[in-house]
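Colleague: Build the 3D model from these lines:
(2 chains)
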Number of protein chains: 2
Amino acid sequence: MSLEPLLRPRSIAVIGASDNKARIGGVPVDLLKRAGFARLYPVNPKNESVQGLPAFADIESVPEVVDLAIIALSADLTLPMLERCHALGIPAAMVYASGYAETNEAEGQAKQDELTAFARRSGMQIAGPNCMGNANFSAAIFTTFGQSFQPGEPAGSTALLTQSGNMCATVFRMARRAGVTFSQVINTGNEASVEFSDYLDYLASDPATTSAVCYIEELRNGPKFLAAAAKFRAAGKLLGVYKVGASEKGAEATRSHTAALAGDTAAYDAAFARAGVARAGSLAELADLAYLHTIGDKIGGGNCAVLSISGAAGAILADALALAGGDTPTLPQHVQDGLTAQIPGHSMVSNPIDMTGNVVNSNEFVLECIRLALSPDNIDLLLLYMPGNFLTQALDQVEKAAAASNKAIVVIDTFAMADQARLAQHGIGYFDDFDRAARAISAYGAWKRSSSPLPFRGGAGGGGCPDGTAPVESPHPNPSPEGEGLSVSWPPFPAGRTALSETEGKEALARFGVPVVLDALVHSETEARSEAARIGFPLVAKLVSPDVAHKTEHGLIRLGLASEDAVAEAFNAMMVKATSMNVHIEGVTLEPMLAGGVEILAGVTRDAVFGWMLTVGLGGVWTELMKDACHALLPVSDADAEAMLRSLKGFKLLDGYRGAPKADVAAAARAIAALGEAVLAGGERLREVEVNPLLVLPEGNGAVAVDALVLLKEE
Amino acid sequence: MSLEPLLRPRSIAVIGASDNKARIGGVPVDLLKRAGFARLYPVNPKNESVQGLPAFADIESVPEVVDLAIIALSADLTLPMLERCHALGIPAAMVYASGYAETNEAEGQAKQDELTAFARRSGMQIAGPNCMGNANFSAAIFTTFGQSFQPGEPAGSTALLTQSGNMCATVFRMARRAGVTFSQVINTGNEASVEFSDYLDYLASDPATTSAVCYIEELRNGPKFLAAAAKFRAAGKLLGVYKVGASEKGAEATRSHTAALAGDTAAYDAAFARAGVARAGSLAELADLAYLHTIGDKIGGGNCAVLSISGAAGAILADALALAGGDTPTLPQHVQDGLTAQIPGHSMVSNPIDMTGNVVNSNEFVLECIRLALSPDNIDLLLLYMPGNFLTQALDQVEKAAAASNKAIVVIDTFAMADQARLAQHGIGYFDDFDRAARAISAYGAWKRSSSPLPFRGGAGGGGCPDGTAPVESPHPNPSPEGEGLSVSWPPFPAGRTALSETEGKEALARFGVPVVLDALVHSETEARSEAARIGFPLVAKLVSPDVAHKTEHGLIRLGLASEDAVAEAFNAMMVKATSMNVHIEGVTLEPMLAGGVEILAGVTRDAVFGWMLTVGLGGVWTELMKDACHALLPVSDADAEAMLRSLKGFKLLDGYRGAPKADVAAAARAIAALGEAVLAGGERLREVEVNPLLVLPEGNGAVAVDALVLLKEE
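Modeller: Residues are numbered from 1 along each chain as shown, chains lettered A, B, ... in the order given. Below you'll find the predicted structure:
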């Protein structure tokens, strides 16, 4: 649905309009009046006029069918009023009232469910309840009772989308202090009907919006979010996200607050990586991302040249960038030589570059230092530390350098004395704090790099765990249609069961190309030959008998059988020997010979919001004790799976650790990707699938699922 | 030495004094003049007067022997001038000149070495070179050319001690913006003579100073630093530290900048933990620590009650506190019930506490909510989120609550509208950012808790790795005098060797009580009995013969021998059997029977700054791949060592993981502490000792060093 009536209404009725400009029913009338909004109709049965405008006794008396009804009534009066609005043909409403699901009580939840049901039935666009409303700066339309958003503010191209009214105001003010201007500010409230991703989808297509920064507590529809995020990427728009609830306490507090189900942190992490959003670690960083996007055209990534009048500042910035995931690459020697020739005295020029305090005596060389520092291909932007008067004195040089460069310059002045507005006019970024600068630049740079068309798309196509920034090749989120494009399918799931047996599970996964350990009990040479061919070589053959203790000594265990003939020979020899020993013979088991190898685990669980999520980790104690695991939403390609494995801290165990043979990582990745394909084809009954261990054999020998757990939903 | 002449001079000559107040030789004259400093003597051979004061042609013409000579001359002229000052009996000098070791060139280093040698020879206190000078606000004495420090600033009780002039100004300005006032501001420069810990020691005894916040690049004397830090703790003064160089790039840049040797991050971490400093993660946090100390009397630790008008803010703060190492403990049920009775509507009260936006309608209940939230014993302080007008309207309530409570209240206003001065008057803390508040409170709370006399001293006595905050029982840093208090000593180290053999190493460590795996090759029953007694039980006995393959089957390996008689019986039986088999007999080895057990490693290396540092980690791949190791400076007690083991992520492997028997952690801790004692007794030849693996057997069975590496310095 188009959200135009809600977000860009041409006419508005304020039901419960107040003469008091400070009250909830008074603020939007005041703001809209001051914004010059013409078709505004206060509804108040007790007053003849509201804030100088003629008031209408009821919504039915309003002389036109408005686009939007703002309902500033209590919860009990709201639904009947919505029904009357709908009867008049009003397409959209904004509900301020609280007393719904956010109360965490059955009564409030029931009220909200009624609202949801009404919205579905009527097709009305209903924002809220328990929301603060919106401010559309680009169209000068204010439907909020929040007082942070004033008609006087200049309009811009950043959208702010939040699930908390107060945090909305907080980020807005933080970003405004940095000079960011906004197109839309939207507070979603309880999202009984129109929900977060609906707004996000609208903003992806909003021509007035080039970036959106979002405060998220819980998403209700993962696939819709991923689809909207994909639109942002396709349009080259920044999507910045701060998600609360990383700690148990935080998640608990959020759950209570928004009455939304607690999301799984890992699933959100995987989803944000898949979606390719810019991830903020705090509200301040969210505001900073919006700020950096205003000079974003010139920022190619997070590789910084650090040019400083203080060696200490250079070191601090290098630390802070490293911690935040950015970098200060060493400059090429010829650039270093050039810098040495410029800077009086002798100082560090490898990056960070120390110009020393000598800049106070002469600063003509600053221009050339900046040019040199920005010249290498492996440098995305310049971080310039010049506090207070250092900057003032060299500002002309810096501005000239900015005009001459197609890469960004970001100034840091810890004395907080810089003229931010003047810097902004010259497209120069500005921070007064090392850490905020380093965090924001690293996060923005990572996003920018991941969205640049060439260097990071080749082959990988999705995934995300390794650096959290891999792009999305396939915009359609999982679950994909059952069995789409696959020539195989699961065997019918047995009725009344909640799990498959290990054998059933392995056989089913094998259909999709997951290599599994198969074994067989054989009773004849013919059977041995055919089963051996099915299982594959090399094989181990063992006599099965309760009567023999030291089978190896008696030749009743034979290793490394490499062909059908060898298996047949071994089978026959065992029969002869066992017969001669006069023991009970149950048969001979054949199983693949698994020597060496490293155990890993691969499992897929179904997240309530985002669908199938793959977890890959090292087997045994590693994943459990060390939390050394990696998550990604399905689907994953072979390359994605390999990148996930390589991102594990314990990857070295697969990579020829301490002289051990390298494990067959490619085969393990193929097996993991096949597991993902199997799960996506599994349909609604499938609940969880885990392969543990997946034994990764030495290179060239493959990887096999030794055990498989397939859990089903009850019918 | 007392630094009074340097830090609290009664008379000052400025050599190279300038008439220009903006020049390096002019700033201190200007500042001192404006501060009303009387006995001030500008020295300038070209001018009759400097800034209105009579100028002296040379230092010899100055009519008194000043306490301090500020030398604002180039490097080449500085040493001759110092010699003249010394000849006159001037006890202290400050050297502004650069061109010394910070150039990273041999010439500069040589100049600095000359300066150091002169200081040693003359006994003069020489600050710098390449330093910005100091500002003593408590005595109104300005010996700096930095313009951030002005006589008009109010004096306070915070000292700022930094190894970078520019960072000095940065932290000063940040802290001043928060209302912090200073006693002393000291910039150490290249520290050719007077060095960081000399200043720190002075500040520990300075009655005007109740806290010091420090920017550190590299320390030159670890033991002196630890001793000064111990004085801070003993005096109940805050010592806050930010250390740059956490990343490789940062360390590299620092190395170049200060010409100091790169410190080992782990050694600094261990030293700071041992010293019980408050550790800041950034310069901003350093300023915030100083700020929090101004209300520090009321802050007991980092356990916060979070009271908020926004559920989102509560969740964000809970997240930020958890990330920073603070906590939001769940409130007792009766407190929750009390809060529920106070707060209109239904909302979260377990902590974080959501008062909701209803506070705008009525705020009388805020006072009682604060009282309730602060009432439990497990709550150290209240974090109150009330932005903008919410706070303005409820400020009376908040001030009443602050007056009534002996615990601290810290307000967060993300709209940055609070009247900070008024809050300060009422002893109420204030931040405008969630993360800065959470980080500072967590760091300050951890420090405060570690320094409180009762709850955390019992037993542990030192250590520090587990939470970085354990107190120091023994202020004397390692290395301790060789063999002090120990009745044992190392065998004489063999001349010309750089290592002991494994056997030599184990035998030496055994002297100090480190249990080691001893084995013996025996050739007779008598020898078997005596060696068995030496090694201990249970034992494993094995026939040594090149001719026998399957010894177990032939009874030539015997496990679990629990007594001398059992060993004798086994020895004799093996002899009979082996003789009957007609094989070559080399003897029988006896070794302790080590079943089960978990391998750990314990090693001690010598840090150039801090001396002996113990590293404890899980054995095998764990420490190497997962960086799951813990470090502490020696000495460590048994309890310290156990705390180190328990702090490992992989500790569960020692603690009965997946049904395995619990390992003998107490014995492992004893062995590790004994290793530490051995190393401290080792003297100068000892270079490094590593026990790897230390096998930790099931509880009650002890722990034994299976291998030991003892490296020696070349003579």
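Colleague: A:Ala69 in helix, strand or coil?
Modeller: Following DSSP: H, G, I helix; E, B strand; the rest coil, we place A:Ala69 in the strand state.
Colleague: hang on, isn't it packed against A:Ile59?
Modeller: Yes - assessed by C-beta atoms under 8 Å, A:Ala69 is found in contact with A:Ile59 at 6.6 Å. C-beta coordinates here come from the backbone N, C-alpha and C atoms, glycine included.
Colleague: Quick check: neighbours shared by the two?
Modeller: Common contact partners of A:Ala69 and A:Ile59 (C-beta atoms under 8 Å, 6 or more residues apart in numbering or on different chains): A:Ala13, A:Ile15, A:Met81, A:Cys85, A:Ile90.
Colleague: wait, which of those residues is closest to B:Arg646?
Modeller: A:Met81 (61.4 Å; C-beta to C-beta).
Colleague: so the closest one makes contact with A:Ser74?
Modeller: No - counting by C-beta under 8 Å, A:Met81 does not reach A:Ser74; the two are 10.3 Å apart.
Colleague: more neighbours, the two?
Modeller: Shown here are A:Met81 and A:Ser74; by other C-beta atoms under 10 Å in any protein chain shown, A:Met81 has more neighbours (19 against 12).
Colleague: Over stretch A:415-426, what's the mean pLDDT, rounded is fine.
Modeller: Averaging pLDDT along stretch A:415-426 yields 93.
Colleague: in the helix or strand containing A:Thr503, what counts as buried?
Modeller: In the assignment (DSSP states H and E), A:Thr503 maps to helix A:502-511. Under the neighbour-count criterion of 16 or more other C-beta atoms under 10 Å in any protein chain shown, helix A:502-511 has A:Glu502, A:Glu504, A:Gly505, A:Lys506, A:Ala508, A:Leu509, A:Ala510, A:Arg511 buried.
Colleague: Torsion angles phi and psi at the residue of the stretch 301-450 of chain A at minimum distance from chain B?
Modeller: Nearest residue of the stretch 301-450 of chain A to chain B, counting by C-beta to the nearest C-beta: A:Gly311, 2.8 Å away. Phi and psi for A:Gly311, reported as degrees, to the nearest 10, are phi -60, psi -40.
Colleague: for the helix or strand that contains A:Leu226, packing partners?
Modeller: In this structure, A:Leu226 sits in helix A:222-235 according to DSSP H and E. Using 3 or more C-beta pairs under 8 Å, 6 or more residues apart in numbering or on different chains; DSSP states H and E, the elements in contact with helix A:222-235 are helix A:196-205, strand A:238-243, helix A:265-275.
Colleague: Could you look over the ones you listed and pick the most buried one?
Modeller: Of the helices and strands packed on helix A:222-235, the one with the most neighbours on average (mean count of other C-beta atoms under 10 Å in any protein chain shown) is strand A:238-243, at a mean of 26.
Colleague: Determine how far that strand lies from the middle of the whole chain.
Modeller: 9 Å (C-alpha atoms, centre = their mean, to the nearest Å).
Colleague: anything in that strand near chain B?
Modeller: No - legend: contact between strand A:238-243 and chain B by C-beta under 8 Å from any C-beta of the partner chain is lacking; minimum distance shown is 8.7 Å.
Colleague: same check, this time on stretch A:366-374
Modeller: No - using C-beta under 8 Å from any C-beta, we find that stretch A:366-374 stays clear of chain B, coming within 14.3 Å at best.
Colleague: Show me how far that stretch is from its chain's centre.
Modeller: The answer for stretch A:366-374 is 36 Å, by C-alpha atoms, centre = their mean.
Colleague: Now that stretch: average pLDDT?
Modeller: Mean pLDDT, stretch A:366-374: 95.
Colleague: mind listing what's buried in that stretch?
Modeller: Using 16+ other C-beta under 10 Å as the test for burial, stretch A:366-374 gives A:Val366, A:Leu367, A:Glu368, A:Cys369, A:Ile370, A:Arg371, A:Leu372, A:Ala373, A:Leu374.
Colleague: same deal with stretch A:584-593?
Modeller: A:Ile585, A:Gly587, A:Val588, A:Thr589, A:Leu590, A:Pro592, A:Met593.
Colleague: who's in contact with the first one?
Modeller: The one in question is A:Ile585. Applying C-beta under 8 Å, 6+ apart, one finds that A:Ile585 lies in contact with A:Leu543, A:Val544, A:Ser545, A:Met575, A:Ala578, A:Thr579.
Colleague: Below-threshold pLDDT in chain A: ranges please.
Modeller: Judged by pLDDT under 70, chain A has its weakly predicted residues at A:1, A:254-263, A:346, A:451-486, A:595.
Colleague: Centre-most residue in chain A?
Modeller: When C-alpha atoms, centre = their mean is applied to chain A, the residue found nearest the centroid is A:Phe272 (0.5 Å).
Colleague: Would you agree that one is in contact with A:Val241?
Modeller: Yes - counting by C-beta under 8 Å, A:Val241 is a contact partner of A:Phe272 at 6.0 Å.
Colleague: Which helix or strand lies directly C-terminal to the helix or strand hosting A:Leu372?
Modeller: Assessed by DSSP H and E, A:Leu372 sits inside helix A:364-374. Scanning forward in sequence from helix A:364-374 by DSSP H and E, the next helix or strand is strand A:381-385.
Colleague: Could I get the CA-only coordinates of whichever helix or strand comes after that following strand as PDB?
Modeller: Counting by DSSP H and E, the next helix or strand C-terminal to strand A:381-385 is helix A:389-404. Taking Å, rounded to 0.1, in the frame of the first residue of the first chain, the C-alpha atoms of helix A:389-404 are listed here in PDB:
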ATOM      1  CA  ASN A 389      44.000  27.700  16.500                       C
ATOM      2  CA  PHE A 390      46.100  25.100  14.600                       C
ATOM      3  CA  LEU A 391      43.000  24.600  12.400                       C
ATOM      4  CA  THR A 392      42.100  28.300  12.300                       C
ATOM      5  CA  GLN A 393      45.500  29.200  11.000                       C
ATOM      6  CA  ALA A 394      45.600  26.500   8.400                       C
ATOM      7  CA  LEU A 395      42.000  26.600   7.400                       C
ATOM      8  CA  ASP A 396      42.600  28.100   4.000                       C
ATOM      9  CA  GLN A 397      45.100  25.300   3.200                       C
ATOM     10  CA  VAL A 398      42.600  22.700   4.300                       C
ATOM     11  CA  GLU A 399      39.800  24.200   2.300                       C
ATOM     12  CA  LYS A 400      42.000  24.400  -0.800                       C
ATOM     13  CA  ALA A 401      42.900  20.700  -0.300                       C
ATOM     14  CA  ALA A 402      39.200  19.800   0.100                       C
ATOM     15  CA  ALA A 403      38.300  21.600  -3.100                       C
ATOM     16  CA  ALA A 404      41.100  19.800  -5.000                       C
END
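Colleague: With distance to A:Arg120 as added columns, please give the buried residues of stretch A:366-374 in CSV.
Modeller: Shown next, in CSV, are these (distance: C-beta to C-beta, whole Å):
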residue, distance to A:Arg120
A:Val366, 63
A:Leu367, 63
A:Glu368, 65
A:Cys369, 63
A:Ile370, 58
A:Arg371, 61
A:Leu372, 63
A:Ala373, 58
A:Leu374, 55
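Colleague: Report the beta-bridge partner residues of the closest residue to A:Phe232 other than its chain neighbours.
Modeller: Here the nearest residue to A:Phe232 in space, its sequence neighbours aside, is A:Leu239; by C-beta to C-beta, 6 or more residues apart in numbering or on different chains that works out to 4.2 Å. On the basis of DSSP bridges, A:Leu239 is bridged to A:Ala212.
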